[in-house]
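J.: Provide a 3D model corresponding to the input given below.
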Amino acid sequence: MSALSKEPRWERRKQDRPQELLGAALELFVERGYAATRLEDVATRAGVSKGTLYLYFDSKESLFKSVVRTNMLPLLDQAEARIAGHAGSSADLLRDLIMHWWEAASHSGVMGIAKLMMAESGNFPELARFYHEEITARGDATVVRVLERGMACGEFRQIDAEAMKKVIVAPVVMLMLWDQSLAPCAVAPIDPRCYLENMIDLCLNGLRA
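T.: Numbering: from 1, shown residues only. This next block holds a predicted model:
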């Protein structure tokens with residue numbers, strides 16, 4: 001019985017390794033930046049050998065992309081599903097989309113990734129292109145879909161949706177960066193929900209037909 005009881009734990013540990021490596025990599029990428037993060041340090045933090053890490057990821061770039069995809073793609077999937085399943089007003093949908101994104105992002109590694117990309121994109125343009133193509137463009141498209149939905153039914157006035165989406169996204173990105181940089185030492189803290197409610201209210205009053 002003792003020998004048999006050990007095998008399932010070993011199996012679970014092996015199955016957990018990719019996620020443990022991704023968690024360790026996210027922590028180190030955010031703490032040190034992309035350039036200063038070494039694969040051996042990721043392996044050490046995850047409690048495995050560097051050779052074990054290479055069983056799952058063949059380079060630092062592939063590890064980084066996996067970190068981004070693991071943390072960001074589920075949130076984009078959720079946003080697209082919320083749009084597809086929403087039967088109410090476009091104003092309510094926009095509010096729901098932004099507030100749900102923040103709630104989900106604040107309980108994941110998304111905000112750290114946003115800070116990392118802002119800091120590192122100039123030094124690693126190939127990673128910036130990857131992030132834009134797989135994450136930013138898809139996220140922006142969700143906002144455009146909501147704006148076009150509102151205009152199509154006469155709820156929103158006719159605007160340039162591509163330009164307006166940048167106006168909506170920018171304050172959310174700013175809040176994410178604030179949370180990861182100045183928030184711990186801010187004399188006047190920002191209440192994220194209050195900030196977002198006011199931003200959404202401003203946007204909706206400008207959008208309504």
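
J.: can you map out the strands along this structure?
T.: Using DSSP state E, the chain contains no strands.

J.: all helices for it, in order.
T.: 2-32, 39-46, 50-56, 60-85, 90-105, 110-120, 125-131, 137-152, 161-180, 192-207 (DSSP state H).

J.: so this structure: which segments form each domain?
T.: 1-58, 68-207 (automatic domain parsing).

J.: among the ones you listed, which gets the worst mean confidence?
T.: Mean pLDDT is lowest for domain 1-58 among the domains of the chain, at a mean of 82.

J.: returning to what we had before: can you redo the domains of the chain as TSV with mean neighbour count?
T.: In short, each C-beta sits where N, CA and C put it, glycine included. Conversion of the domains of the chain to TSV gives the following (neighbours: other Cβ atoms under 10 Å):
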stretch	mean neighbour count
domain 1-58	14
domain 68-207	16
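
J.: what residues does L196 make contact with?
T.: Residues in contact with L196 (Cβ atoms under 8 Å, 6 or more residues apart in numbering) are 98-99, 102, 172, 175.

J.: and if we set it to 10 Å?
T.: Taking Cβ atoms under 10 Å, 6 or more residues apart in numbering as the criterion, L196 is in contact with 95, 98-99, 101-103, 171-172, 175, 190.

J.: tabulate those in a markdown table, adding columns for distance to D140.
T.: Listed next are the contacts of L196 as a markdown table, based on distance: Cβ to Cβ, whole Å:
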| residue | distance to D140 |
| --- | --- |
| R95 | 18 |
| I98 | 13 |
| M99 | 18 |
| W101 | 12 |
| W102 | 16 |
| E103 | 20 |
| P171 | 14 |
| V172 | 11 |
| L175 | 17 |
| I190 | 24 |
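
J.: grab the nearest non-local neighbour of the residue most central in space within the chain.
T.: What sits nearest the mean C-alpha location of the chain, by Cα atoms, centre = their mean, is V110, with 3.4 Å. Closest residue to V110 apart from its sequence neighbours, by Cβ to Cβ, 6 or more residues apart in numbering: N71 at 5.7 Å.

J.: if I look at that neighbour, how far off is H100?
T.: Using Cβ to Cβ, to the nearest Å, N71 is found at 16 Å from H100.

J.: next one: R193
T.: For R193, the distance to H100 - Cβ to Cβ - is 12 Å.

J.: what do you get for M174?
T.: M174 is 18 Å from H100, by Cβ to Cβ.

J.: likewise for H132?
T.: Applying Cβ to Cβ to H132 and H100 gives a distance of 23 Å.
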